[in-house]
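Visitor: Take a look and give me a structure for this.
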Amino acid sequence: MNLSFRRALALFLTVVVLLGAWTTSFNAPAREGLQAGMKRALVAFAAARTLGAVISVAQGTQIDIKPGGVGVGTTPGQVLQPLNQLVDHFASAMLAASVAFGVQLVLLDFGGSQAVAVLLSIAVVGWLALTFLQQGRYARWLQPVLVVLLLARFAVPLTAVANEALYERYMKGKHDQALTLVERTPQEVASATPAVPSKETMRERFERWWSGLPDLKAGYQLLLDSASGWADKIVDLMVVFLVQTLIVPVGMLWLTWRAARLATASPWRGERAAV
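Guide: Numbering: from 1, shown residues only. Sure, this is the predicted structure:
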């Protein structure tokens, strides 16, 4: 790489970074994408908590109906406990996803602040000056600072925009279908749960339990049979938010870091090899 080309490349990169440092127009779509992701996570969290509460009621209702612990072969709590644990994990994952989107919003505000823009402008102008003076040995000391500032300014907006584009293109259909089923499930669980009178004698309870045993078993068997369907949708939702809050951000952060290192190292790479 000859000297004139290195200087032209350094000047071009400097202009691009300076424009990006002081331009906030691309922050708006990034903010909209992050806010939309947080809203989706909070809606899923609310649906998970509702479903978990209904399943807990179903567990308690079954145990109350069973008189003296005699007459039913399978303990109801043992049957529904794995489902309840899955819903609890789902709720925790959705809460974590909400927090992750919130953290990205904070980082977006920090990266778009005037202080970061000023520091980045100073760093990139100093990098350009050292490049024109062919002071690669000193510019290498500035490279880590410049890379960090580039990540602070551009990593989160690029990640948010890419994340929302991938969601709209590949994950929206799966998310909407899964969330619709999860939101509808509490009504199905409630309809399969028998109502228990608040006051009744032991004899009345036993007679009701004995006469309603076939319907009781059938209702909870229906609940267990349908659980496989909405459990799969819960996993689908967890995968969607895992991709949005972990895989895509980490991947974009790595790509941005690599691009920043390559861009800031290229002007003096030849000189570094000669040293």
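
Visitor: While we're on residue 151, how confident is the model there?
Guide: Predicted confidence (pLDDT) at residue 151: the value is 92.

Visitor: I figured it was touching residue 260, is that so?
Guide: Yes. Taking contacts as Cβ atoms under 8 Å, residue 151 lies within contact range of residue 260: 6.4 Å. C-betas here are computed from N, CA, C, even on glycine.

Visitor: For these two, work out which one has more neighbours and name it.
Guide: Taking neighbours as other Cβ atoms under 10 Å, residue 151 and residue 260 compare with residue 260 leading, 21 against 18.

Visitor: how about the helix or strand harbouring residue 38: buried residues?
Guide: In this assignment (DSSP states H and E), residue 38 forms part of helix 27-65. Buried positions in helix 27-65, judged by neighbour count with 16 or more other Cβ atoms under 10 Å: 27, 30-31, 33-34, 36-38, 40-41, 44-45, 47-52, 54-55, 58-59, 61-62, 65.

Visitor: May I have stretch 241-251 exported as CSV, CA atoms only?
Guide: What follows is stretch 241-251, C-alpha atoms only, in CSV (Å, rounded to 0.1, in the frame of the first residue of the first chain):
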residue,chain,number,x,y,z
PHE,A,241,-35.6,-13.4,22.2
LEU,A,242,-32.4,-15.3,22.7
VAL,A,243,-31.4,-14.5,19.1
GLN,A,244,-32.4,-10.8,19.6
THR,A,245,-30.8,-10.2,22.9
LEU,A,246,-27.7,-12.4,22.8
ILE,A,247,-26.7,-13.9,19.4
VAL,A,248,-27.3,-10.9,17.2
PRO,A,249,-25.8,-8.3,19.6
VAL,A,250,-22.7,-10.4,20.3
GLY,A,251,-22.3,-11.1,16.6
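
Visitor: pLDDT averaged over the strand or helix carrying residue 236, what's the number?
Guide: If you go by DSSP H and E, residue 236 is part of helix 213-242. The predicted model assigns helix 213-242 a mean pLDDT of 73.

Visitor: and after that helix, which helix or strand comes next?
Guide: Per DSSP H and E, the first helix or strand lying C-terminal to helix 213-242 is helix 248-265.

Visitor: buried sites along that next one?
Guide: 248-249, 252, 256, 260, 263-264.

Visitor: got a markdown table for those, with pLDDT and distance to residue 19 too?
Guide: Output for the buried residues of helix 248-265, formatted as a markdown table (pLDDT from 0 to 100; distance: Cβ to Cβ, whole Å):
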| residue | pLDDT | distance to residue 19 |
| --- | --- | --- |
| 248 | 93 | 26 |
| 249 | 93 | 25 |
| 252 | 92 | 21 |
| 256 | 91 | 17 |
| 260 | 86 | 16 |
| 263 | 79 | 15 |
| 264 | 78 | 17 |
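
Visitor: buried residues in stretch 17-27?
Guide: Buried positions in stretch 17-27, judged by neighbour count with 16+ other Cβ under 10 Å: 17-18, 20-21, 27.

Visitor: May I have the residues that are in contact with the residue nearest the centre of the chain?
Guide: With the centre of the chain defined as its mean C-alpha position, the nearest residue by Cα atoms, centre = their mean is residue 245, 3.2 Å away. Each residue near residue 245 by Cβ atoms under 8 Å, 6 or more residues apart in numbering is listed here: 37, 41, 96-97, 100-101.

Visitor: can you rerun that using 6 Å?
Guide: Residue 245 sits next to 97, 100 when contact means Cβ atoms under 6 Å, 6 or more residues apart in numbering.

Visitor: could you dump the helix or strand containing residue 115 to PDB, C-alpha only?
Guide: Per DSSP H and E, residue 115 falls inside helix 114-132. Extracted in PDB, the C-alpha atoms of helix 114-132 (Å, rounded to 0.1, in the frame of the first residue of the first chain):
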ATOM      1  CA  GLN A 114     -22.100  15.000  22.800                       C
ATOM      2  CA  ALA A 115     -19.200  13.900  25.000                       C
ATOM      3  CA  VAL A 116     -18.700  10.700  23.000                       C
ATOM      4  CA  ALA A 117     -18.900  12.700  19.800                       C
ATOM      5  CA  VAL A 118     -16.300  15.200  21.000                       C
ATOM      6  CA  LEU A 119     -13.900  12.500  22.200                       C
ATOM      7  CA  LEU A 120     -14.300  10.500  19.000                       C
ATOM      8  CA  SER A 121     -13.700  13.600  16.900                       C
ATOM      9  CA  ILE A 122     -10.500  14.300  18.800                       C
ATOM     10  CA  ALA A 123      -9.300  10.700  18.600                       C
ATOM     11  CA  VAL A 124     -10.000  10.400  14.900                       C
ATOM     12  CA  VAL A 125      -8.400  13.700  14.000                       C
ATOM     13  CA  GLY A 126      -5.300  12.700  16.000                       C
ATOM     14  CA  TRP A 127      -5.200   9.400  14.300                       C
ATOM     15  CA  LEU A 128      -5.400  11.200  10.900                       C
ATOM     16  CA  ALA A 129      -2.600  13.500  11.900                       C
ATOM     17  CA  LEU A 130      -0.300  10.700  13.000                       C
ATOM     18  CA  THR A 131      -1.100   8.800   9.800                       C
ATOM     19  CA  PHE A 132      -0.100  11.800   7.600                       C
END
